[in-house]
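> Just a sequence and a predicted model for now, questions to come.
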Amino acid sequence: MKIRSKNIITVLPIAAQDGLDKYAGIMRYINEHDLDWNLIIDRLDQSRETAPSNVDIESADGTIIDGTAPEAMRKAYIRTSYRPLAAVDWQTLENLSGRRNTVCINADDKAIADAAFKAITSNGRCASIAFMPALRALGWSKLRGRRLQELTRKSDIAFFGLSADRPLEAQLRALPKPAAVFAANDRAAEKVLKAAVREDIAVPQDLSVLGVDNSRFICLHSHPPLSSIQPDFEAAGYKAAAAIAAMLEKRKYERKQTYGVKNVIRRQSLEPFGTAGRLVQRARAIIGDSYTRKEKIDEIAARVKVSRRLLDRRFRQITGKSILETITELRIEEACRLLRTTDIPISHICNTCALGSGTYPQRLFRRHMGMTMREYRTRNRQPAAKARQSALPTDCTAAFRYTGSGSGFSIEGFASAKRRSPSAVGLPPPS
């Protein structure tokens with residue numbers, strides 16, 4: 001007898017990079033375990049507080065729902081007859097108390113604080129470390145702050161707790177310099193950077209700033225660009241799918257799970273203090289003047305009077321990435337600026353930013369920004385310009401079943417298929 005396919009609803013912020021990463025993790029689990037699941041995608045829209053009309057909650061065999069969903073929507077999914085539910089990154093869990101067949105998956109706050117302390121102290125000597133909490137008092141924010149305080153007190157570095165309720169300028173001015181601030185998330189870190197600019201505190205010379213989530217819109221548009229810890233969102237999606245499968249198959253599962261840190265993305269707000277750091281700073285100053293030209297890495301190494309091998313080693317030691325990756329990131333940032341502020345054709349932007357030719361620049365941009373250049377321009381230009389562009393529908397919801405192997409899943413592929421037909425569409429999993 002043929003076994004019926006399982007209908008699984010996924011409620012994820014697919015328009016954001018973390019949502020795409022979580023979705024990639026779900027698809028990886030489905031692919032690895034050859035599951036016959038019908039995924040029903042609810043692409044989150046903050047203006048909508050209920051499930052879309054074409055999503056039948058009661059017919060679902062399980063649901064994976066992100067904490068960014070509005071509370072009313074989460075409550076609607078919670079009431080679905082105790083069917084399996086994976087709650088990913090929910091800030092509060094009181095609505096889930098007593099509910100059976102439920103797994104909560106959240107970031108490992110201890111691991112995030114550990115990564116922050118390591119990133120800050122690996123830069124060299126700093127006189128003080130401060131913690132900036134989330135702009136709302138939340139449990140996970142307090143956990144990150146307490147862990148950072150614990151690690152700092154084991155060293156001989158002074159620890160300070162900042163407050164979002166008092167003027168930040170005076171608090172930052174009082175920190176012994178050079179200082180470093182670890183913020184609970186990128187939004188809190190952005191507030192610190194703005195306060196430092198108003199107070200004329202040199203970043204990163206006197207104050208380094210590190211956030212969490214690697215929200216590229218915030219990080220790349222901050223001044224200077226914000227360094228950030230990138231949680232392993234793909235692992236969160238993978239664990240959510242594994243939890244749903246375990247509940248459906250009546251296997252044992254852990255009700256509370258965590259996922260760790262993928263990487264620390266270093267940008268200009270977190271610069272090193274030591275000798276190796278100064279070498280990297282000199283090289284980055286040269287790169288800053290020449291990254292839109294096809295200057296060879298050997299030439300950059302010669303200008304700072306070290307070998308290419310040593311320069312690349314120092315870059316990996318200080319920034320966590322190669323010199324080529326650093327140059328590529330700067331080129332992507334410049335391409336983003338031109339896409340936001342000009343009408344220059346995309347092919348010309350690729351040439352101007354030395355991104356190459358053919359399809360490579362588009363693949364490179366998508367890998368870094370989670371969308372095509374055209375999508376980025378559409379979303380980030382001024383409202384008057386946006387009105388002239390055709391955008392993806394806000395409530396883009398459809399069902400599809402993964403039935404084969406391959407790669408190349410993309411949001412615009414999903415959306416264009418949705419426009420062609422309202423029926424289910426078959427899409428391959430992400431690579």
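Received the coordinates, thanks.

> Next one: residue 419, what pLDDT does it get?
We have a pLDDT of 30 for residue 419.

> pLDDT weak spots in the stretch 151-300 of the chain?
Across the stretch 151-300 of the chain, the ranges flagged by pLDDT under 70 are 272-275.

> now do the stretch 1-150 of the chain
Counting by pLDDT under 70, the stretch 1-150 of the chain contains low-confidence residues at 1-3, 45-56, 80-81, 92-98, 124, 137.

> Now do the helices in it.
Assigned by DSSP state H, counting those that start in this stretch, the stretch 1-150 of the chain shows helices spanning 17-33, 71-78, 109-121, 139-154.

> Residue 241 is nearest to which of the ones you listed?
helix 17-33 (3.7 Å; Cβ to Cβ). C-beta coordinates here come from the backbone N, C-alpha and C atoms, glycine included.

> Now do that closest one: everything it contacts.
10, 12-14, 35, 37, 39, 44, 64, 66, 68, 88, 213-216, 231, 233-242, 245, 369-370, 402, 405, 409, 411, 429-430 (Cβ atoms under 8 Å, 6 or more residues apart in numbering).

> residues touching the nearest residue to residue 42 once chain neighbours are set aside, list them.
With sequence-adjacent residues excluded and distances taken as Cβ to Cβ, 6 or more residues apart in numbering, residue 42 is closest to residue 11, at 4.5 Å. Contact partners of residue 11, counting by Cβ under 8 Å, 6+ apart, are 42, 44, 63, 64, 65, 66, 69, 73, 77.

> Let me know the helix or strand that the nearest residue to residue 183 once chain neighbours are set aside is in.
Nearest non-adjacent residue to residue 183, counting by Cβ to Cβ, 6+ apart: residue 189, 3.6 Å away. Here residue 189, judged by DSSP states H and E, is contained in helix 186-198.

> Return the set of buried residues in stretch 168-176.
168, 169, 171, 172, 175 (16 or more other Cβ atoms under 10 Å).

> Quick check: of these, which lies closest to residue 295?
Nearest to residue 295 among these, with distances taken as Cβ to Cβ, is residue 172, at 36.3 Å.

> The closest one - that's part of a strand, no?
No: with DSSP: H, G, I helix; E, B strand; the rest coil as the criterion, residue 172 is assigned helix and is not in a strand.

> List the contacts of it.
Applying Cβ under 8 Å, 6+ apart, we find residue 172 in contact with 162, 179, 181, 192, 195, 196, 199, 201, 207.

> Looking at neighbours, which among those is most surrounded?
Greatest neighbour count in the contacts of residue 172, by other Cβ atoms under 10 Å, goes to residue 181: 31 neighbours.

> can you pull up the bridge partners for residue 9?
Following DSSP bridges, residue 9 is listed with bridge partners residue 40, residue 63.

> That one and residue 37 touch, don't they?
No: Residue 9 is beyond contact range of residue 37, at 10.6 Å (criterion: Cβ atoms under 8 Å).

> Identify the contacts common to these two.
Contacts common to residue 9 and residue 37, judged by Cβ under 8 Å, 6+ apart, are absent.

> the more surrounded of those two?
residue 9 (26 against 23).

> Please give me every residue in contact with that one.
So residue 9 contacts 40, 42, 55, 57, 60, 62, 63, 64, 65, 77 (Cβ under 8 Å, 6+ apart).

> who touches the fifth one in this structure?
Shown here is residue 60, whose contacts under the criterion Cβ under 8 Å, 6+ apart are 7, 8, 9, 40, 80, 83.

> Measure how far stretch 60-78 is from the centre of its chain, please.
Distance of stretch 60-78 from the chain centroid (Cα atoms, centre = their mean, to the nearest Å) equals 21 Å.
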